[in-house]
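> Okay, here's the prediction I keep looking at, along with the sequence it came from:
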Amino acid sequence: MPLSLEDIKLLEKQFLADLKESSLLGEFDELYLKYFSKNHGTITKLMKLVPELSAEEKRKVAAELNKVSEKIKAQIETAREQATLESIGDPMIDLSYLLPPQKTGMMHPTETVIRELDKFFRYYGFSVVDGQEIEEAEFNFRKLNLPEGHPATDLQDTLFISEPDILMRTHTSSIESRVLTQYDPPIRAVASGKVYRNETASQTNTPFFHHYQGFVVDKGITIQHLKGTLTELHKFLFGDDVVLRFRYKYYPEVSPGMGTDMLCKFCKGAGCSVCKGRGWIESLGSGMIHYNTLKACGIDPDVYTGYAFGLGLDRLVMQKFGLDDIRKFYGGGIVFR
């Protein structure tokens with residue numbers, strides 16, 4: 001339906017009811033965001049409908065909408081000032097008295113998903129572990145079957161602090177290699193954290209981002225265990241209607257390697273800027289832990305097998321919350337609702 005003067009009258013009526021309620025609760029910031037937030041504000045959404053009007057309608061409707069918009073802003077500010085004056089009007093009030101802190105803000109979307117993932121894996125008997133962001137090449141590369149000279153160790157990808165041994169970890173697989181080195185099987189663990197690459201910031205890439213790593217080592221572990229775990233994980237995060245595909249992919253630290261793709265929720269497979277026209281978004285890489293990796297970490301590969309997976313957490317969060325630009329996670333002034 002096109003924007004009309006009747007819509008603006010209804011907007012004013014609704015605002016007066018909201019202003020009355022907000023004045024009682026003192027929630028003026030929340031009221032302002034409801035009407036003027038960048039993506040979800042009521043007036044913001046109406047403003048986006050103005051270009052659809054005819055020239056004659058724009059002169060009438062758009063002008064009225066601007067007038068009402070300024071009026072609402074003034075009313076919010078006046079109500080805020082009045083509430084402030086009323087709160088300090090009594091000279092007997094001790095303004096130095098410490099009040100209980102108010103609950104403000106909300107958890108970052110990435111942290112929200114990390115906690116959901118930890119809860120999911122704890123239910124299946126996994127331990128939640130952690131590791132350092134400044135890492136040794138031995139644990140970041142060598143124990144993961146990434147020899148000297150491998151393209152992944154090139155300066156185009158890796159940020160070295162002291163070449164060639166000390167670096168900013170490029171994946172949370174370094175936590176995996178440390179745990180496999182320090183503990184005996186059976187092992188079942190997950191880890192999350194920031195990782196660093198020499199990347200140019202774009203819609204889907206940043207120089208630092210979040211990984212979520214999972215790994216299992218025990219007797220009799222097969223790739224079917226891995227596929228089952230990943231399928232249940234994606235259903236937990238995105239619902240039973242999530243569409244996945246598994247395909248062979250090369251990763252040095254696993255053999256065979258397996259990529260997991262998720263049908264793009266923005267375009268439903270038709271192709272868009274988020275999935276780069278492919279219709280699918282790669283959510284994670286995985287595979288059976290390589291014979292050499294197990295051996296380098298002191299585990300007998302003839303007795304034990306295992307699987308590992310690592311997912312780019314930020315892209316999964318984008319899909320879950322419907323965000324089309326990874327940079328929104330780290331910019332200021334963005335309201336997630």
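Great, that's in hand.

> which residues are in contact with stretch 232-246?
Applying C-beta atoms under 8 Å, 6 or more residues apart in numbering, the contact partners of stretch 232-246 are 113, 116-117, 120, 227, 230-231, 258-263, 265, 280, 283, 316, 319-320. In this view, the C-beta of every residue, glycine as well, is placed from N, C-alpha and C.

> pLDDT (mean, whole number) over the helix or strand encompassing Ala17?
Using DSSP states H and E, Ala17 falls within helix 5-25. Averaging pLDDT along helix 5-25 gives 86.

> Ser37: how many residues sit nearby?
17 (other C-beta atoms under 10 Å).

> Which phi and psi values does it adopt?
Main-chain torsions, Ser37, degrees, to the nearest 10: phi -60, psi 150.

> what's the spacing between it and Lys45?
Separation of Ser37 from Lys45 (C-beta to C-beta, to the nearest Å) stands at 10 Å.

> again with Arg278
Arg278 is 31 Å from Lys45, by C-beta to C-beta.

> Give me the below-cutoff pLDDT ranges for the stretch 101-250 of the chain.
Regions of the stretch 101-250 of the chain meeting the criterion pLDDT under 70 cover residues 152-156, 203-204.

> ranges for the strands of it?
127-129, 134-136, 160-162, 166-168, 187-196, 208-218, 244-248 (DSSP state E, counting those that start in this stretch).

> Deepest in the core, which of the ones you listed is it.
Of all the strands of the stretch 101-250 of the chain, strand 208-218 carries the top mean neighbour count, a mean of 22, counting by mean count of other C-beta atoms under 10 Å.

> Pull it out as CSV, backbone CA atoms only.
These are the backbone C-alpha positions of strand 208-218, laid out as CSV (Å, rounded to 0.1, in the frame of the first residue of the first chain):
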residue,chain,number,x,y,z
PHE,A,208,40.2,-10.5,12.2
PHE,A,209,37.1,-12.6,12.7
HIS,A,210,35.8,-15.5,14.8
HIS,A,211,36.3,-19.2,14.5
TYR,A,212,34.6,-22.1,16.2
GLN,A,213,36.6,-25.3,16.4
GLY,A,214,35.5,-28.8,17.3
PHE,A,215,37.4,-32.0,17.4
VAL,A,216,36.9,-35.6,18.5
VAL,A,217,39.5,-38.4,18.9
ASP,A,218,38.6,-41.9,20.0
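
> Can you verify my assumption that Ser172 contacts Gly131?
Quick fix: residue 172 reads Thr, not Ser. Yes. Taking C-beta atoms under 8 Å as the definition, Thr172 is a contact partner of Gly131 at 7.2 Å.

> out of those two, which sits in the busier spot?
Thr172 (26 against 18).

> before we move on, back to that, buried subset of the contacts of stretch 232-246 as a PyMOL selection?
Buried subset of these, written as a PyMOL selection, criterion 16 or more other C-beta atoms under 10 Å:
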select buried, resi 113+117+120+227+230+258+259+260+261+262+263+265+280+283+316+319+320
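
> give me the number of residues near Gln14?
Going by other C-beta under 10 Å, the residues that sit close to Gln14 add up to 13.

> Enumerate every residue touching it.
Contacts of Gln14 (C-beta under 8 Å, 6+ apart): Thr42.

> that older thread, looking at the strands of the stretch 101-250 of the chain, which is nearest to Lys58?
Closest to Lys58 of the strands of the stretch 101-250 of the chain, according to C-beta to C-beta: strand 208-218, at 43.1 Å.

> who are the neighbours of the closest one, in terms of helices and strands?
helix 109-123, helix 173-182, strand 187-196, strand 305-312, helix 313-321 (3 or more C-beta pairs under 8 Å, 6 or more residues apart in numbering; DSSP states H and E).

> who does that strand pair up with?
strand 187-196 (antiparallel), strand 305-312 (antiparallel) (DSSP bridges).

> Please confirm that Pro256 is located within a strand.
Yes. Checked against DSSP: H, G, I helix; E, B strand; the rest coil, Pro256 lies within a strand.

> Common neighbours of Thr172 and Gly131, please.
Ala191, Gly193.

> Excluding its own residues, what touches stretch 61-80? List them.
Outside stretch 61-80, the residues touching it (C-beta under 8 Å, 6+ apart) are 3-5, 8, 11-12, 15, 19, 22-23, 28, 31-32, 35-36, 43, 46-47, 50, 53.

> Buried only: go through these for me.
Here, 16+ other C-beta under 10 Å leaves 3, 8, 11, 15, 19, 22-23, 28, 31-32, 35-36, 43, 46-47, 53 buried among the contacts of stretch 61-80.

> so which of these comes closest to Asp157?
For these, the nearest to Asp157 is Phe36 (42.3 Å; C-beta to C-beta).

> my guess is the closest one meets Ile43, correct?
Yes. Between Phe36 and Ile43 a contact is recorded at 5.9 Å, counting by C-beta under 8 Å.
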